[in-house]
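Undergrad: Got a predicted structure plus its sequence, pasted below:
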Amino acid sequence: RRQEAIDCYEQVLSRFGDAKEVSLREQVAMALNSIGFDLLLESKRAWSDEDLRTRGLVAAEARFSRAREQDPNDYFVLGNLAYVNFLSGRRELVSEMLQRAFELGGEELYKETIKDSEKNTVPEDAEFRVLVEKVWAEMQAQKS
């Protein structure tokens with residue numbers, strides 16, 4: 001039912017993509033984030049094909065970026081943006097992005113980020129989980 005879900009998200013975008021109301025912008029961000037995450041997973045499934053992987057990651061990042069424009073405080077979007085940057089090899093800002101996302105989303109986002117990295121696993125996921133654990137541990141230590 002993956003295609004049905006994508007079609008539904010696309011309908012949300014076509015009907016409400018230009019809405020100014022905050023509640024509608026949040027729904028648009030959620031739809032974009034969902035499409036982006038599906039594209040990210042598709043890229044991971046095609047990991048051995050560099051061209052497909054790259055095109056999928058670029059498309060996913062574009063959706064996450066548009067979602068962030070709609071709702072800058074959506075921590076799931078920011079976490080996914082960090083993840084796609086990591087998988088794309090642009091790792092210089094990933095720690096900061098994860099820290100900001102975890103500040104907004106707390107333990108819920110931390111746990112979901114770990115779970116997400118375990119879907120359609122690629123070699124880079126192990127390194128990403130190490131980074132996620134490090135950022136989370138540092139944040140918890142600062143609270144003590």
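TA: Arrived safely.

Undergrad: Helices along this structure, start to end?
TA: 2-16, 22-45, 50-70, 75-87, 94-117, 124-143 (DSSP state H).

Undergrad: Highest average neighbour count across these: which stretch is it?
TA: A comparison of the helices of the chain by mean neighbour count, using mean count of other C-beta atoms under 10 Å, puts helix 75-87 on top with a mean of 24. All C-beta spots, glycine's among them, are computed from the backbone N, C-alpha and C.

Undergrad: Quick one: list the elements packing against that one.
TA: helix 22-45, helix 50-70, helix 94-117, helix 124-143 (3 or more C-beta pairs under 8 Å, 6 or more residues apart in numbering; DSSP states H and E).

Undergrad: Output the helices of the chain as a markdown table; include the columns mean pLDDT.
TA: Below are the helices of the chain laid out as a markdown table (pLDDT from 0 to 100):
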| stretch | mean pLDDT |
| --- | --- |
| helix 2-16 | 64 |
| helix 22-45 | 87 |
| helix 50-70 | 94 |
| helix 75-87 | 97 |
| helix 94-117 | 97 |
| helix 124-143 | 97 |
